[in-house]
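Engineer: Predicted model, plus sequence, below.
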2 protein chains.
Amino acid sequence: MYQQLEKSIGEKVSLTAAEFELCKTFFIPKKLRKKQTLLLEGDVCSYNAFIEKGVLRSYTTDEKGNEQVIQFAFEGWWISDLSSFLLGSNSTYTIEAIEDSELLLLTYSAREELMIQLPVFERYQRILLQNAFIALQTRINAALNASAEEKYIKLTVSYPDVIARVPQHMIASYLGLTPETLSRVRKQINLRK
Amino acid sequence: MYQQLEKSIGEKVSLTAAEFELCKTFFIPKKLRKKQTLLLEGDVCSYNAFIEKGVLRSYTTDEKGNEQVIQFAFEGWWISDLSSFLLGSNSTYTIEAIEDSELLLLTYSAREELMIQLPVFERYQRILLQNAFIALQTRINAALNASAEEKYIKLTVSYPDVIARVPQHMIASYLGLTPETLSRVRKQINLRK
DNA sequence: CGCGGGTTTGATGATGCTCAAGCCCGGTGG
DNA sequence: CCACCGGGCTTGAGCATCATCAAACCCGCG
């Protein structure tokens, strides 16, 4: 149940077995079935969730009722609404399982306490954030300057898991396209092969 | 010369005067005139730069030679190419002064050492990153789902400084628009007032 | 077997880009 | 002090990309 977490932390910082045992005690395991939600838009995000197994997404709903996918998260990734989690504000995101999933939840106070007892965990969190930040900057650049086809191809190269495991209309939303446009883009690409 | 830095750190964490004195010793002051660069595309980003005074931007150049603005940074903000700075890879960004500016530079080793000697500085860095991450997520959402006019209006509301102090063609690039389109958007908005 | 969500296909239209020209204004040199 | 130059902003016409609306299709599931 904690393999992915151990692997993720171990890749970023070094931790003794005893420290990891301590670390584990701060998490709350939780299973989610497909389409169940971890967080509903409007609620306060009480957990930082680490994914041991499965796929989740976060999305907002705009005035017209369209879902706009913000993020996909797979095994070994974290997901939450950081803004709501950190500030206690009402979330603008919903977080939902795309497949049956197994999570490890960290409350705000557990996280604070863990960072105090295990300063290396704060370092781990910072490194994760740095990586996430870099990835987001790259994504912004693609979002602003690439065509529909370029964005899709970049996604297939960088995150083949997304293509393999996520329904197409959610990918379209993630790329800022309509499902129709993504369908046509894929057709074009296939015709050329 | 260190007022903005003291203010920025003080807003996020608490620090004694003596600790701040220690902190200061890790930084290298540097002045930059308008249009001078801190980092050139292709070089390794050796510094994390804190801005005491002035405005900078980072941008990439695509295959066709178009500049794509990634970020603007004002007094009290940080700027660097995190990916290059952390990994020692060649930067894909250029960082350039938009106005005459005064910077405080932190090398990689100075930053590591500072985080060890002053763990609260690691916390400060993590909090900054959290905020930057949240802001980027919001920006992604606008980039993918908002019209040209909506993106511009959101920018005027969220970052009036950008409108006031940055040339219009750079704003256009930041929003992923051509200068012509931004000009027309502004005209439309003015006509309605 | 039939229903329903997701994907595809088609026709039409809007948004924003490209290319081209003109304008405005600040800086430079005669 | 004025004329000229050049960069940046504006304006216009035509065009490409992608969205919208509508309908058909496909396939898994009750």
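Structural biologist: Cool, the structure landed.

Engineer: okay, stretch A:42-60 in PDB with CA atoms only?
Structural biologist: Extracted C-alpha coordinates of stretch A:42-60, given in PDB (Å, rounded to 0.1, in the frame of the first residue of the first chain):
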ATOM      1  CA  GLY A  42     -17.200  24.700  -3.300                       C
ATOM      2  CA  ASP A  43     -15.900  22.600  -0.500                       C
ATOM      3  CA  VAL A  44     -12.600  23.100   1.300                       C
ATOM      4  CA  CYS A  45      -9.900  20.800   0.100                       C
ATOM      5  CA  SER A  46      -8.900  19.000   3.300                       C
ATOM      6  CA  TYR A  47      -6.300  16.600   1.900                       C
ATOM      7  CA  ASN A  48      -3.200  16.400  -0.200                       C
ATOM      8  CA  ALA A  49      -3.700  13.100  -1.900                       C
ATOM      9  CA  PHE A  50      -0.900  10.800  -3.000                       C
ATOM     10  CA  ILE A  51      -1.900   8.200  -5.600                       C
ATOM     11  CA  GLU A  52      -0.800   4.600  -4.900                       C
ATOM     12  CA  LYS A  53      -2.900   3.200  -7.700                       C
ATOM     13  CA  GLY A  54      -5.300   4.600 -10.300                       C
ATOM     14  CA  VAL A  55      -5.900   7.900 -12.100                       C
ATOM     15  CA  LEU A  56      -7.700  11.000 -11.000                       C
ATOM     16  CA  ARG A  57      -8.400  14.400 -12.600                       C
ATOM     17  CA  SER A  58      -9.200  17.800 -11.300                       C
ATOM     18  CA  TYR A  59     -11.500  20.100 -13.200                       C
ATOM     19  CA  THR A  60     -13.500  23.400 -12.900                       C
END
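
Engineer: What segments of chain A are helices?
Structural biologist: Along chain A, counting by DSSP state H, helices occupy A:3-12, A:17-24, A:82-87, A:108-117, A:119-145, A:148-158, A:160-165, A:168-175, A:179-191.

Engineer: Please tell me how far the spatially most central residue of chain A sits from A:S89.
Structural biologist: By CA atoms, centre = their mean, chain A has its centre lying nearest to A:A73, at 3.2 Å. A:A73 is 21 Å from A:S89, where distance means CB to CB, to the nearest Å. Placement of C-beta: from N, CA and C, glycine included.

Engineer: now swap in A:T138 and tell me
Structural biologist: A:T138 sits 27 Å away from A:S89, taking CB to CB as the criterion.

Engineer: How about the residue of chain A at minimum distance from DNA strand D: what's its closest non-neighbour residue?
Structural biologist: In chain A, the residue that lies nearest DNA strand D is A:T181 (3.0 Å; CB to the nearest atom of the strand). Excluding its sequence neighbours, the residue lying closest to A:T181 (CB to CB, 6 or more residues apart in numbering or on different chains) is A:A148, at 5.6 Å.

Engineer: anything in the lowest-mean-pLDDT helix or strand in chain A sitting right up against DNA strand C?
Structural biologist: Ranked by mean pLDDT, DSSP states H and E, the weakest helix or strand in chain A is helix A:119-145, scoring a mean of 91. No - residues of helix A:119-145 are not located near DNA strand C by CB under 7 Å from any atom of the strand, the shortest gap being 8.7 Å.
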